[in-house]
Structure formats: structure tokens, C-alpha cells
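> Turn this into a structure:
(one chain, ligands or ions: 1)
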Amino acid sequence: MKLITKTMLAAVCMLPLSGLTTSAKEQIVVESENTALVFTVGDNGRLYQSYFGKRIANAGDYASLPLGNEAYLTHGMEDYFEPALHINRADGNPSPLLTYKSHTVTPCKGGKETVITLVDPVYADEVAMHFVSYEKENVFKTWTEIFNKEKGAIVLEKFASSLLHFTSPNNYLTQYNGDWAREANAFTQELFYGKKDVDTKLGTRANMFVSPFFQLSLGAPATEKSGEVLVGTLGWTGNFRFTFEVDNKGDLRVLSGINPYFSQYRLAKGGSFRTPEFIFTLSRKGTGEASRNLHDWARRYQVKNGMGDRMTLLNNWESTYFDFDEKKLITLIGEAKEFGVDMFLLDDGWFGNKYPRHSDTQGLGDWDETANKLPNGIGRLTEEAKKQGVKFGLWIEPEMVNPKSELYEKHKDWVITLPNREEYYFRNQLVLDLSNPKVQDYVFNVVDELKTKYPDIAFFKWDCNSPITNIYSTYEKMNQSHLYIDYVRGLYNVLDRVAAKYPDLPMMLCAGGGGRTDYEALKYFPEMWVSDDTDPIERLFIQWGYSQVFPAKVQCAHVTTWNKSASAKFRVNVAMMGKLGFDLNLHDLSASDLAYCKQAVKNYNRLKPVILDGDQYRLVSPYEGNHAATMYVGKDKRKAVVFAFDVHPRYAEKLYNVVLEGLDANATYEVREIDRADCTVGDAKTYSGDYLMTVGLPLFSCNKLFSTVVELTKK
Ligand code: GLA
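Residues are numbered from 1 along each chain as shown. Presented below is the predicted three-dimensional model:
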């Protein structure tokens, strides 16, 4: 076994780097307006995280910090806890030793990128730790790149995107999990000695049980307005894992990255591996500020068309399911026009001829229109939409196949399925093997052929209804443990091609509800379908959960007939807090409800800049009682809108005012109830911003399933 001598380490530490001379006290400060992450090179040449917290005014003070914990801990050395990096080498040595080599800082859109390169002095492998800090938003993105500079292949066993150390006396983790139709419910627990993993192994519909984000309160549980809290999320449309481990000293490490479960990755000589981005923000003013940091950052720098507009829509899924024909759809396109929405979206059930898609049991994979349902093809529908002055959108699920399909009969080798085993089906379907470039071509062609044939398709809803089952790839041959990762990379490859050819084509990210809800996917999708559950009561919780990390702008919220005991107004008001759509039959609504909905669409269009692009304040949590309230304030503080809900009030319950936030304290606001069920508006009253943010407004009532919307206009 080779020994690393002091002279070797000294040699590494002495290299002159980007104009800097390293010394034993080299310090690298990654900072935004309010937050700093400080690394120090130890006397041994290794890199330590010395600080993560409030930015200190005098940068020179960082020199007084203790060294801290090793920044990117490796397997098998003197640390006894979960490592960030574990490499298997041909000679059997699994323990990388990482020493500081160099670092660079370069400006980038919105901030700075710092790259710290670490090298194993014996094996010469390199790890580049990337940090992008967004100055104003106080958001950071971090990932690593691992370079194989050895003579042969290496196998990556563990390869975290990020490792952060915390030294607070108490730590509280809030995770968001559930299942189909009850996604993103919040659960908080204190972390004690030992390890807690939050992970998924579902592959494709990866977030069905658990969302790829968390909140970590430091010291004491954070509230909306107080407490120090880290909010983190991984941009990876596949298996992720967050590991929270409290060690013997009571210190906490948080590791974030791809789930290493069945994902050992062989890296050929000269190859490199880039881990996905871990995105985080640290707030000292509670979860509300942390969310707003992320919302601003997402709209400005991450989400496709993040600063652009969004279309309201009418979807046919809940009103027809698979039971429709051309005539019915033409009627619905007319209804979209009548509603006043921007687009009609045709959902599942329009394709397949040998195996027509009359239910979810067959047809997936055969993307030609069912002749007896649509004798004149999609073209007749886009033509009708054009005539009515609405856009036309189309549902596809191109990564999947029903065994009852022509695609399956022709290309069984394209399907992820185990040899010599009976197939297990999730929703009667299987996943296509996107690690295979031929399958990538096929999936790209689904979009490309539809767009070429029907250029007037203005939107796709891209669904993904099955997790990966029966995991085995004919294409990967001896590298089966690459499949989970190569699948996601194959998906990104397809999405890159779609984006390159159709840069302005909006698509909705959907995976049987919120099965795909991550920031890397949102680079390709301007919006996502967060849950199939559109019961407005459940949605208050689900949207509350996603809003911790994602802006209203990316959360599609549709009005349906789920929970008919809630009024149309209550259902619409919940949906107005996201990207509004309808998924019901117009004729299911009474004349007055229809008139109300049309008015609500108009109000929504007027308030869209405030709801979708303003600052969100979660005022009253649905978790805390019988009511809930959220408000949105335009960036210039001239307009604001408050949504207040009475869910299950008690008889003669004492009602408290809703205290507003985010307004200009010195300004006077005209306050008026809008969006009433009878299409009237309330009388205008005036208050100072200070009063509204101190005393608040009496917006709650003792009526069950009742909602109130208030518009504020600066005078
Ligand atoms: C998934 C989606 C639904 C709908 C159906 C169609 O469940 O989440 O919105 O599109 O598929 O099969």
C-alpha cells in the first residue's frame, strides 16, 4: 500500500493556483448578500467547512474560525459516518484522500461560480466542487464533478452532490411525503444521534411517495416568520437521497444527491461524472423568507420561461375520461372559449388503432389517432381551436408502453423488463428503456412527428404514470446498475432535443399527479401538475407543501368536481392560488356558477402578475386549525390579493384577524372584497399598510367551506 508522505502533501499545497499562492490557511468564501459558506485548507492540505451561516460584515474575521469538519468526506478514512465519496479501484483501495489543488471564482448570471478542485495525491483522481451563489436571492447551487485520472476504470459507489455540516444544539427536519393524491404533506421531527434517510427508489415517477425537498430548522423549529432554517432541494428527475446524520459530538451532516441504491457507476479511464445540483437557501427569518428566496431565484434563473406568462386552460380528463369523440371535443373547445380560458387541453385516450386506447389497459406507445374517435385527426381539432381563438394542447406519455400495443409487439427489447420473470405492471404499463439511444430517438420523434404534422399544437402535457418496475435493461448489458442514472440522462437528452427544436413550446410536467416535481425538470417544463387530487381541502395542504420550494407560477391547479360539497367559488379560489385551469363539464355548473367562473377567470387574468410573479406570504396554515390564508403582493407593492378559507370552523368559534404582510407600511391601501359568488364586489375601505400588517382584517367566518378574496390597491 502506498503511503502519503508529508512531503507529498506539502508539494500539493505549494502549487501556485490562479494567481493565488496556497498556504496552510487558504480560505475560500462562497457568499451571497446574507449568507456565507467558508472553507479552509488545513495544514494537512485537506479542505474543511469552517462556517455556514450569516455573512459576517468584515470578511477578515473568517480567519478566526476553527477549522471545522472535512468538506467532502470520503469512505474508509478516519471519519466513521456516512461518506460523500466512495470509489472502488482496481487495486482494491476504496478510500479517496482529497487535498486542495486550486480554486477559481468567475461571475455568472445572477452571481458567482466558485469551483474548488481537490485531488488525490496518490491516485490523481480529482473532484471539482461547484458552488453558484445568487447574490440577491441568497440561493446556492452546488454539485461535484468526479474525474477518473487513473490508468483504468473506477467504480463510483457513493457520490453526493453536497455535504453540509451543522453544529447547532438541536436540529428539526421537515420532510414532505404522502402517496398518489396526497402528495407533499409536511412532517417534522427532531434529529438525534444516528441516521435518517429521505429517499426514493421509484426511478421514473420518483416523487410519488416523497418530494425532493426538505427544511432543516437550526436551534428551534422555524415558523413562517422566525427561526434559522435551511431549505434544500435536489434537481434530479429520478432517485434521490437526503441523509441526515447526527454524530457522536452532536454535529449534523446533511448529504444530498442521487440515491446510490443499485447505482454503482463505472467510470472509464479519462471519464468524468457530474452529480445533479443541490439547491439551497438559508434564512434567519423563517420558512416564508426561504420560500420567497427560492421563488425569486426559480423564476429568474431556473424555470423554463420563468418570467413569461402562463395559459389558463380547460382540460377534458375529468369530464370525459376515455369516452369522447370528435363531436364531443369540438363542443368542449367551444366551451373553453365560453369560459374565457386560453387553451383547450386534450388528455389521454386519443390514440391507438390495433389496440385503441379506450382505457388504461392498452394502446400506450401507438401515437396515431384512433380512427373511429377522431376520423379527421388532431388537425380537425387544432382547426376548430383556431376558429374559436383558443390554443390547443395535447396529452402524451411517450416514455411508457402497454404490453397490449403494437410498439411492445415490435420492440420488446426497448422495454425495461426482467428476463425469465413474469412481468409486473403498474397501471397496466411498462417503462421504455431511455438509456438506449434508439429509444431516445423514438421518444423525441413522438413529439417531433406530432409537431411536424400539426404545428398548431401549442402545448403538451407530458405524463409518466409508472415507476420503473422489473428493472433490467437489454441495452445496458453488464452495466445494469447504470440504468437508474442513464435513464434520467436519456430523458434529459430527449428534452434537450425538444427544447432545441421547439424552444418556445410549453409543456406540463406530470407523473400521475406529483410524481415528478424537481428543479432540473423545470428547466424544460414551465409548469407541473402537483397532484391528481383536486379536492380543494386537500389542495390547501398539497399546494401549501409545494409552495415551500416552488412558486405559484409552476403549480397547475384545476377546478374539478372533486368534493362537490365545496362551492364552485371555494374550488376556484383554491385553484386561483396557482396556475388556474378547469377540468369539468361546463354543463355540470348551474347558470350562476358558470357566470361566477367566467368572472373568476377575468379576475385571475387581472391578478396574474401579482399571484404568479409577486411575493407569496403564507399567513395562516391549514395545519394549524380550521382556517387557512395566503396572500400575494406585487413586486412594486401596489397590488396585493388575499385568499382566506374557512374549512371546518367550529360553532361560535372565536375568530382572529388575518394579519397581512409584505405591504408598504407607509402607504394607504384601498381594500375591497372581490370574486364574490354573485359576481358583485364589496365596498372599498381604506387602511394604512401599517394597520393591515399590525391589526389585520377580519376575513374568517364560521361558515363551512367558505372563501373570501380581497384585493388591495395602493392609493
Ligand atoms: C395521470 C394524470 C392525469 C391524467 C391521466 C390520464 O393520472 O395525472 O391528470 O392525465 O394520467 O391517464
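
> which stretches of this structure form helices?
Secondary structure of the chain (DSSP state H): helices at 6-14, 286-297, 317-320, 326-339, 377-388, 406-410, 437-453, 483-501, 536-547, 568-575, 591-613, 689-694.

> which helices and strands sit right next to the last one?
When you say that, I think you mean helix 689-694. strand 668-674 (3 or more C-beta pairs under 8 Å, 6 or more residues apart in numbering; DSSP states H and E). C-beta here means a position set from N, CA and C on the backbone, and glycine is covered the same way.

> Adjacent strands (with direction) for the strand it packs on?
Its sheet considered, strand 668-674 pairs with strand 685-688 (antiparallel), strand 706-714 (antiparallel) by DSSP bridges.

> Now it: average pLDDT?
The predicted model assigns strand 668-674 a mean pLDDT of 98.

> what's the answer for stretch 583-602, then?
Average pLDDT, stretch 583-602: 94.

> ok, and does that stretch reach over to the ligand?
No. On the criterion C-beta under 6 Å from any ligand atom, stretch 583-602 is out of touch with the ligand, staying 8.0 Å away.

> From the chain's centroid, how far away is that stretch?
In terms of C-alpha atoms, centre = their mean, to the nearest Å, the centre of stretch 583-602 is found 31 Å from the chain centre.

> Any chance you could spot the residue sitting in the middle of the chain?
Centroid-nearest residue in the chain: Asp518, 2.7 Å away (criterion: C-alpha atoms, centre = their mean).

> Against the ligand, how distant is that one?
Between Asp518 and the ligand the distance is 16 Å, computed by C-beta to the nearest ligand atom, to the nearest Å.

> mind listing what that residue touches?
Going by C-beta atoms under 8 Å, 6 or more residues apart in numbering, Asp518 touches Ala206, Asn207, Pro212, Thr233, Leu234, Gly235, Trp236, Thr237, Phe240.

> any idea how far stretch 167-187 is from the chain center?
Taking C-alpha atoms, centre = their mean, one finds the center of stretch 167-187 at 15 Å from the center of the full chain.

> Give the rounded mean pLDDT of that stretch.
98.

> wouldn't Tyr408 be in contact with Thr417 here?
No. Applying C-beta atoms under 8 Å, one finds Tyr408 not in contact with Thr417, separated by 9.7 Å.

> got any residues that touch both of these two?
Listed as contacting both Tyr408 and Thr417 by C-beta under 8 Å, 6+ apart are Leu430.

> got a pLDDT number for the closest residue to the ligand within the chain?
Across the chain, the shortest distance to the ligand (C-beta to the nearest ligand atom) belongs to Asp348, at 3.5 Å. As predicted, Asp348 sits at a pLDDT of 98.

> mind listing what it touches?
Asp348 sits in contact with Trp317, Phe322, Arg357, Asp360, Trp395, Glu397, Asp463, where contact means C-beta under 8 Å, 6+ apart.

> Pull the contacting residues for the fifth one.
By C-beta under 8 Å, 6+ apart, the residues touching Trp395 are Trp317, Leu345, Leu346, Asp347, Asp348, Trp350, Phe460, Lys461, Asp463.

> So what pairs up with Thr104 in the strands?
Val115.

> For Ile116, see how far away it is.
Between Thr104 and Ile116 the computed distance is 9 Å (C-beta to C-beta, to the nearest Å).

> Over to Ala575?
45 Å.

> Now do the contacts for the closest residue to Lys685 other than its chain neighbours.
Nearest in space to Lys685, with sequence neighbours left out and distances taken as C-beta to C-beta, 6 or more residues apart in numbering, is Val671 at 5.2 Å. Val671 makes contact with Ala684, Lys685, Thr686, Tyr687, Leu692, Leu697, Val710, Glu711, Leu712, according to C-beta under 8 Å, 6+ apart.

> Any of the residues you listed buried? List them.
Among the contacts of Val671, those classed as buried by 16 or more other C-beta atoms under 10 Å are Tyr687, Leu692, Leu697, Val710, Glu711, Leu712.

> confidence score at Arg300?
Reported pLDDT for Arg300: 98.

> typo on my end, Lys25
76.

> touching the ligand at all, stretch 534-551?
No. Applying C-beta under 6 Å from any ligand atom, one finds stretch 534-551 separated from the ligand by no less than 9.4 Å.

> Let the chain start at 21 from now.
Got it, first residue is 21 now, which makes that one stretch 554-571.
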